[in-house]
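Enquirer: predicted model and sequence below, questions to follow.
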Amino acid sequence: LDPTKPPLRPPPPQLAAGSASSATILVTAVSFRDGQRCAYTILSALRRARHPDRVRIAVVDQALDEEDRCLPTYCELARVEFATATAEKSQSHCPYRDQLVVDERDARKSRGPLVSRHYAQLLLGDDEEFCLGIDGHSVFTNDWDVYLIKDWLEAENEMGVISTYVHHAADAVIAPNGDNTPYEHTPHICDSKVGGHGIPSNEGATIIHNATRPNLQSKWGARFSFSKCHSERRVKFDPHADWMLDGEEFSHAALMWMSGYDFYSPSRYGQVVYFNYTFNPIAVTWDKEEVTEKMDRSLEEEMAANRVKLHIGQPFEGNTNTKEFDKYTVSERNKARTLQQFLEFTGVSYSGKGNWTHRCHQLHWVPYTHPEVVEALVPGWRQEEVPKVLTTISGTNKENIEPTEVLECLYHGTCDQLATLTNGLCSDGIMHGVLMATNFLLMFGFTFYFVV
């Protein structure tokens, strides 16, 4: 929080179930021609959750006909793994099958990770409270569900999103029984680079040593994202941005941040999911497969890149696709913050890489310019109570003049604007003098308080 703005705080976390131990979690995973590792992802999530009955898993499984599929491979592994579990689970043909939903797709028709994450969002139910988005080759550790919710609560922000580029699933941190000895250093995504098609992209994560709580960051990572499910319901992945890889994270981060969400790297003890970085030569061919019924690839990619630029206000030349654009962007009435604020917060400028700024220092939460957007989502919360004013001007009672309105007129306005508030008391000469004095004092760091 910004120490100079103590009244301005994000909305505190709220648990619909009443307590963390009753909360439900939906895990969404995207897999491409990687059935074995996808199956182990599901297995480790269910086997190592403290409350597996409150975990639901949704998978977008893209494979060829002759390749291993995620669900049947999981069922084979689970029958063995759960053989010593309760009689109900051990006798099941596929343990926890009723908590799994899988969208099986032809890998030859894949259009990249951003479109695949859109399909994963379509599997979201109506009653899950938390959502965890991952890739289909992740590894979970014991009690991950409890630790993730605890870490999210530590951010003290209903709109908080815990996200990072997670560490490799090394034997040094994950014991054979699933116990976790987390790294002392936590990945923290804080800088940007120029990615494909000139779209801003995340740099590799830096690290924070022995983080005791989540830390605010300006970037979002697609491979690990934990938040309330209302973030997934409100901010959609765009299914018309084919082939996008570099642009998916920055553009989705912009849409989420403008919608009121904030990003945090996890604490040390929130590192409970790891990534299997071992090389799978088949799984990296998503952009090399022969795609049926496709247009010219270069044209598809150009149109998608320009569509992403349209989302983030980045100038572009050439063709684009505006199909259902309003459905997958953030409308003005749903913006809690502005695009310009996002660019300033991330340190990115469209006027050239030389104007980008380093964002790995301590950041402060950015208050909402339109708090009513978030206030409608979080019942009972108000960003700041601005007192109503009753004052007398030229013998006339004028109600509801807010101090913030007067400040805006002094700093940016004209005499006509201020005259509306003051019933014509202000003259051009007076206004000119007030503006000069105000700007002079603001230059030297003075703060104005209006007592009315």
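Expert: Looks like it arrived, so ask away.

Enquirer: SS state for D127?
Expert: Using DSSP: H, G, I helix; E, B strand; the rest coil, the structure places D127 in coil.

Enquirer: contacts only, for the nearest residue to it once chain neighbours are set aside.
Expert: Using CB to CB, 6 or more residues apart in numbering and skipping residues adjacent in sequence, the residue nearest D127 is T24, 6.8 Å away. From N, CA and C alone the C-beta is placed, and that goes for glycine too. Residues near T24 by CB atoms under 8 Å, 6 or more residues apart in numbering: 17, 54-56, 127-130.

Enquirer: same question, S267
Expert: Contacts of S267 (CB under 8 Å, 6+ apart): 151, 154, 186, 211-215.

Enquirer: just these now: which is nearest P6?
Expert: Proximity of the contacts of S267 to P6 (CB to CB) peaks at R213, which lies at 19.2 Å.

Enquirer: where does the protein dip in pLDDT?
Expert: 84-91, 282-295, 385-452 (pLDDT under 70).

Enquirer: what segments of the stretch 101-250 of the chain are helices?
Expert: 113-121, 144-154, 230-234, 246-258 (DSSP state H, counting those that start in this stretch).

Enquirer: let me fix that, I meant to ask about the stretch 251-400 of the chain.
Expert: 297-312, 325-328, 339-346, 372-375.

Enquirer: next, format those helices as JSON lines and append mean neighbour count and distance to H361.
Expert: Below are the helices of the stretch 251-400 of the chain laid out as JSON lines (neighbours: other CB atoms under 10 Å; distance: least, CB to CB, whole Å):
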{"stretch": "helix 297-312", "mean neighbour count": "20", "distance to H361": "23"}
{"stretch": "helix 325-328", "mean neighbour count": "13", "distance to H361": "33"}
{"stretch": "helix 339-346", "mean neighbour count": "18", "distance to H361": "12"}
{"stretch": "helix 372-375", "mean neighbour count": "17", "distance to H361": "26"}
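
Enquirer: and D246, which of those is closest to it?
Expert: Using CB to CB, the nearest of the helices of the stretch 251-400 of the chain to D246 is helix 297-312, at 8.8 Å.

Enquirer: which elements pack onto that closest one?
Expert: Judged by 3 or more CB pairs under 8 Å, 6 or more residues apart in numbering; DSSP states H and E, helix 297-312 is in contact with helix 246-258, helix 325-328.

Enquirer: kindly recompute the last result at 7 Å.
Expert: Applying 3 or more CB pairs under 7 Å, 6 or more residues apart in numbering; DSSP states H and E, one finds that helix 297-312 makes contact with helix 246-258.

Enquirer: what does the helix it packs on contact?
Expert: 113-114, 161, 195-197, 199-202, 219-222, 231, 235, 237, 263, 305, 308, 311-312, 329-330, 335-339, 342 (CB atoms under 7 Å, 6 or more residues apart in numbering).

Enquirer: and it, what's buried?
Expert: Neighbour-count burial for helix 246-258, counted by 16 or more other CB atoms under 10 Å, picks out 246-258.

Enquirer: wait, which of these is closest to L8?
Expert: Of all the buried residues of helix 246-258, L8 sits closest to W257, with 16.3 Å by CB to CB.

Enquirer: quick check: the closest one vs Q217, distance?
Expert: Separation of W257 from Q217 (CB to CB, to the nearest Å): 11 Å.

Enquirer: then P200?
Expert: 15 Å.

Enquirer: coming back round to it: please indicate which of the contacts of S267 are buried?
Expert: Buried among the contacts of S267 (16+ other CB under 10 Å): 151, 154, 186, 211, 214-215.

Enquirer: Throw these into TSV and include distance to R382, thanks.
Expert: Output for those, formatted as TSV (distance: CB to CB, whole Å):
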residue	distance to R382
D151	26
E154	23
T186	33
A211	30
P214	24
N215	26
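
Enquirer: thinking again about what came up before, adding distance to R79 as columns, could you present the helices of the stretch 101-250 of the chain in TSV?
Expert: Converted to TSV, these look like this (distance: least, CB to CB, whole Å):
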stretch	distance to R79
helix 113-121	26
helix 144-154	22
helix 230-234	31
helix 246-258	36
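
Enquirer: between those helices, which one is closest to L71.
Expert: If we rank those by CB to CB, the stretch that ends up nearest is helix 113-121, at 14.7 Å.

Enquirer: tell me the helices and strands packed up against the closest one.
Expert: Partner elements for helix 113-121 (3+ CB pairs under 7 Å, 6+ apart): strand 25-32, strand 55-63.

Enquirer: of the ones you listed, which is nearest V273?
Expert: strand 25-32 (9.3 Å).

Enquirer: how far does that closest one sit from the chain's center?
Expert: The chain centroid and the centroid of strand 25-32 are separated by 15 Å under CA atoms, centre = their mean, to the nearest Å.

Enquirer: again with stretch 355-363
Expert: For stretch 355-363, the distance to the chain centre is 19 Å (CA atoms, centre = their mean).

Enquirer: do stretch 264-283 as well
Expert: Once both centres are worked out by CA atoms, centre = their mean, stretch 264-283 turns out to sit 17 Å from its chain's centre.

Enquirer: now do the buried residues in that stretch.
Expert: Neighbour counts using 16+ other CB under 10 Å place 264-276, 283 of stretch 264-283 among the buried residues.

Enquirer: go through the residues you listed and name the one nearest Q121.
Expert: Closest approach to Q121 among these (CB to CB): V273, at 19.2 Å.

Enquirer: and the strands in the stretch 1-150 of the chain?
Expert: 25-32, 55-63, 100-106, 130-135, 138-140 (DSSP state E, counting those that start in this stretch).

Enquirer: now those as CSV including distance to L77 and mean neighbour count?
Expert: What follows is these, written out as CSV (distance: least, CB to CB, whole Å; neighbours: other CB atoms under 10 Å):
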stretch, distance to L77, mean neighbour count
strand 25-32, 15, 25
strand 55-63, 14, 24
strand 100-106, 13, 16
strand 130-135, 18, 24
strand 138-140, 13, 26
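
Enquirer: W365: which of these is closest?
Expert: Each of the strands of the stretch 1-150 of the chain was scored for nearness to W365 using CB to CB, and the closest is strand 130-135 (21.1 Å).

Enquirer: what is the closest one packed up against?
Expert: Applying 3+ CB pairs under 7 Å, 6+ apart, one finds that strand 130-135 contacts strand 25-32, strand 224-228.
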